[in-house]
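Asker: Sharing a sequence plus its predicted fold:
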Amino acid sequence: MPIEFTHVPGKTADATAPFFYDFAETATKLGLIEDSGFRKIVVDDSAGLLTNMDLASQVLNRTASLEVVLTHWAGVIEPTVAARQLASIDRESGGRLALRIISEPLNDDDAEARPVGHGVVWQRIDEYLVLLKRLWSNDRPFDHEGAFYSIKGGYVPRKGPHGADLVIRMGGQSGTALKVAGRHADVFELAPGSIDEIRQLVERARGAAAEHGRAGKLRFALPVRIHRGASATGHKAVDLSGPPAQVALSLLAYAALGIDEFMIVGVDTPREIATVGRETLALLRNSLARREDDAFRPGAYASRTGPETRAAG
């Protein structure tokens, strides 16, 4: 499967307003993002899930092929409500929605729904996703009584085009997080680190998925921050700087680990979007195309990574 690129919005030019603050301006950027080779865009507004759902709908309505990765924390709204609203967005967009589950609330207003303890957080996420998938696939109402949710007559009459196969994205590094991600995630978002650290996390995540017979179904996404100088986006990502050819070469080292998607951070102005799309993304695609007959071997290109590649917190 070819490498995909996902745009992760940061701040606007004044560095204070969110990317989606002025949607008239955002609509112009969305067209540029779509035309520059990005396949997806992350919607992760600090206002929380309901705002994210509204923004996702607007993005999908204003683009033809761009997929939306909607950030969501389990527990903000009930599973039946979430399942119905998400199915509606997915259906109206023709199946261009993915759900990105995070383990912490988006803002303090969501914290009331947060259970105490790391293990409990992931137990709740597990039950939540089981219920979403059941609601997206059942042909008759069902009752559920679990540790965190109680449902009577749960049913979503109008399913999305993917049904229970709506793409679920997750991350994490603890054994508990990997266990839940191994059961549910279609895309695993990797944490920043060195080549070796990321390779080890890929292997751990695959092992967790293998316990559920899903090792071959799990895809990997790596957040990458591209900049020419100091960056203050606030996102955690592998940090790359330098000319486009050097950045593309550095990304080849990560592609060799089996990474299928790069989540590009720090590219928010129209000029940055166009330049990265025309130069870095195109160079990487061309390099991969020339090597498509060669099987990727873990670490094959690690030694070619430039000195400007480093982990950023």
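Answerer: Okay, I see it. Residues are numbered from 1 along each chain as shown.
Asker: residues contacting residue 189?
Answerer: 100, 169-171, 221-223, 263 (Cβ atoms under 8 Å, 6 or more residues apart in numbering). (Each C-beta comes from the backbone N, C-alpha and C, glycine too.)
Asker: hey, what's it bridged with?
Answerer: Residue 189 forms beta bridges with residue 171, residue 221, as assigned by DSSP bridges.
Asker: Let's have the contacts of residue 189 in CSV, adding pLDDT and neighbour count.
Answerer: Listed next are these as CSV, based on pLDDT from 0 to 100; neighbours: other Cβ atoms under 10 Å:
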residue, pLDDT, neighbour count
100, 96, 22
169, 98, 27
170, 97, 25
171, 96, 21
221, 98, 21
222, 97, 24
223, 96, 23
263, 97, 25
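Asker: Among those, which one sits closest to residue 196?
Answerer: Proximity of the contacts of residue 189 to residue 196 (Cβ to Cβ) peaks at residue 222, which lies at 14.1 Å.
Asker: is it true that the closest one touches residue 264?
Answerer: No - in this structure residue 222 lies outside contact range of residue 264 using Cβ atoms under 8 Å: 10.0 Å.
Asker: re earlier: Serialize the contacts of residue 189 to JSON lines and add fields for distance to residue 60.
Answerer: As requested, those are exported to JSON lines (distance: Cβ to Cβ, whole Å):
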{"residue": "100", "distance to residue 60": "15"}
{"residue": "169", "distance to residue 60": "17"}
{"residue": "170", "distance to residue 60": "22"}
{"residue": "171", "distance to residue 60": "23"}
{"residue": "221", "distance to residue 60": "20"}
{"residue": "222", "distance to residue 60": "25"}
{"residue": "223", "distance to residue 60": "22"}
{"residue": "263", "distance to residue 60": "19"}
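Asker: Low-confidence bits of the stretch 1-150 of the chain, can you list those?
Answerer: For the stretch 1-150 of the chain, applying pLDDT under 70 flags the ranges 1, 11-16, 105-116.
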